[in-house]
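K.L.:
Prediction below, plus the sequence it came from.
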Amino acid sequence: GAVVSQHPSWVICKSGTSVKIECRSLDFQATTMFWYRQFPKQSLMLMATSNEGSKATYEQGVEKDKFLINHASLTLSTLTVTSAHPEDSSFYICSARGLRTTDSPLHFGNGTRLTVT
Amino acid sequence: RKEVEQDPGPFNVPEGATVAFNCTYSNSASQSFFWYRQDCRKEPKLLMSVYSSGNEDGRFTAQLNRASQYISLLIRDSKLSDSATYLCVVNNQAGTALIFGKGTTLSVSS
């Protein structure tokens, strides 16, 4: 089956630093990638949708200048949490879909657990 | 009304029991429906898609009622390994992304 690799799995950083998370589709071309965030005991919240070669579409309430998304190729999307603060500590998960249709399910990366101290 | 609503549970059942989860969604134009499973501190994994006519995969049966905007998941003969959080997933208003419910927690005990 399709594999999505996310890196790093776990990161601890100091407040004010920036963290980059990579999401790669390993055996298919991901025309669309999604970034979700999940706080403890909460549902996955969609942060943004990125299409290869175009700007990401951010959900309401998500600061695009704080969460920079780059989908530069059909196999790689990155999320950079800029000037991270403790309230940004969360589980960030990327997902990818190969076909330009919502009928196909998402393939998820293994997630990145971010802790900002 | 939230886009996707689920009873959070937890559902505590013995091995071998049959358990059903329900989910309601607000967007009447939604076309894609899925059940995902998420284990503690792990990423969600697709359990099954949900089709209009209802579909079955082994011990798991999914049903869709478009008129009531309601989705269900039935698990028969529960196993210990079924313990997880089950997420109801529906495509969003624009049809461009998938929206997750908060999940229903199942705990199967011996």
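P.N.:
That came through fine.
K.L.:
got a list of what residue A:32 touches?
P.N.:
A:49, A:50, A:51, A:52, A:96, A:97, A:100 (CB atoms under 8 Å, 6 or more residues apart in numbering or on different chains). Any C-beta I mention is one placed from the backbone N, CA and C, and that applies to glycine too.
K.L.:
Pick the one among these closest to residue B:89.
P.N.:
Each of those was checked against residue B:89 using CB to CB; the closest is residue A:97, at 12.6 Å.
K.L.:
top of the contacts of residue A:32 by neighbour count?
P.N.:
residue A:96 (28 neighbours; other CB atoms under 10 Å in any protein chain shown).
K.L.:
doesn't residue A:3 make contact with it?
P.N.:
No. Between residue A:96 and residue A:3 there is no contact under CB atoms under 8 Å: 9.6 Å.
K.L.:
Can you pull the residues that touch both of those two?
P.N.:
Common neighbours of residue A:96 and residue A:3, using CB under 8 Å, 6+ apart, are A:25, A:107.
K.L.:
Next up, the contacts around residue A:11.
P.N.:
Neighbours of residue A:11 in contact, by CB under 8 Å, 6+ apart: A:19, A:21, A:112, A:113, A:114, A:115.
K.L.:
which residues does the second one bridge with?
P.N.:
Note on residue A:21: beta-bridge partners by DSSP bridges are residue A:79.
K.L.:
surely it meets residue A:79?
P.N.:
Yes. Contact criterion CB under 8 Å: residue A:21 and residue A:79 qualify, at 4.7 Å.
K.L.:
And the contacts of residue A:32, which is closest to residue B:20?
P.N.:
The nearest one, if we look at those relative to residue B:20 and count by CB to CB, is residue A:97, at 28.9 Å.
K.L.:
From residue B:98, how far off is the closest one?
P.N.:
9 Å (CB to CB, to the nearest Å).
K.L.:
now, which of the contacts of residue A:32 lie within strands?
P.N.:
Using DSSP state E to define strands, the subset of those located there is A:49, A:50, A:51, A:96, A:97.
K.L.:
Could you list which of the residues you listed also contact chain B?
P.N.:
With CB under 8 Å from any CB of the partner chain as the criterion, the ones in strands among the contacts of residue A:32 include residue A:49 near chain B.
K.L.:
So which of the ones in strands among the contacts of residue A:32 is the closest to chain B?
P.N.:
residue A:49 (5.2 Å; CB to the nearest CB).
K.L.:
so which pair among the contacts of residue A:32 is furthest apart in space?
P.N.:
A:50 and A:100 (13.1 Å).
K.L.:
which secondary element of chain A has the worst mean pLDDT?
P.N.:
strand A:107-108 (a mean of 85; mean pLDDT, DSSP states H and E).
K.L.:
now swap in chain B and tell me
P.N.:
Per mean pLDDT, DSSP H and E, bottom of the list for chain B is strand B:98-100, a mean of 87.
K.L.:
Return the list of helices and strands in contact with that one.
P.N.:
strand A:45-51, strand B:84-91 (3 or more CB pairs under 8 Å, 6 or more residues apart in numbering or on different chains; DSSP states H and E).
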